[in-house]
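Asks: coordinates only, sequence not included:
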């Protein structure tokens, strides 16, 4: 098992299945201590970026992300 820079107490990762308004699965978001993974519905493999890469992207102007109020 790889050594992570950041850790969850447990479990090793969290999976969140994303569905549209008709309850059809869009994909699965997997969050690990060191990476974010996305697997579109009906795909066998995940796309993966490091947490550092995701953090740089989501806070960049390119992402066009908005901050929440809370």
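Replies: Thanks, I have the structure now. Keep in mind it's a predicted model, so treat the numbers as computed, not measured.
Asks: State the three-state secondary structure for the residue located most distally from the centre of the chain.
Replies: Outermost residue of the chain with respect to the C-alpha centroid, by C-alpha atoms, centre = their mean, is residue 22; its distance is 22.2 Å. Put simply, residue 22 is coil when judged by DSSP: H, G, I helix; E, B strand; the rest coil.
Asks: Tell me the confidence at it?
Replies: At residue 22, the pLDDT value in this model is 96.
Asks: Got phi/psi on it?
Replies: phi -100, psi 10 (degrees, to the nearest 10).
Asks: Tell me where the model's unsure across this protein.
Replies: By pLDDT under 70, the low-scoring segments of the chain are 1, 8.
Asks: how about the helices in this protein?
Replies: 51-58 (DSSP state H).
Asks: Tell me the spacing between the most centrally placed residue in the chain and residue 3.
Replies: Using C-alpha atoms, centre = their mean, the residue of the chain that lies closest to the mean C-alpha position is residue 36, 3.5 Å off. Separation of residue 36 from residue 3 (C-beta to C-beta, to the nearest Å) stands at 18 Å. For the C-beta atoms, the positions are set from N, CA and C on the backbone; glycine is no exception.
Asks: all strands for this structure, in order.
Replies: Secondary structure of the chain (DSSP state E): strands at 14-19, 25-31, 35-40, 47-50.
Asks: would CSV of the ones you listed with distance to residue 70 be doable?
Replies: Below are these laid out as CSV (distance: least, C-beta to C-beta, whole Å):
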stretch, distance to residue 70
strand 14-19, 20
strand 25-31, 20
strand 35-40, 22
strand 47-50, 26
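Asks: which of these is buried the deepest?
Replies: When these are scored by mean count of other C-beta atoms under 10 Å, the highest mean neighbour count falls to strand 35-40 (a mean of 16).
Asks: quick one: contacts of stretch 58-66?
Replies: residue 57 (C-beta atoms under 8 Å, 6 or more residues apart in numbering).
Asks: Now do the end-to-end distance for that stretch.
Replies: This stretch, stretch 58-66, spans 9 Å end to end (C-alpha to C-alpha, to the nearest Å).
Asks: now stretch 19-28
Replies: 9 Å.
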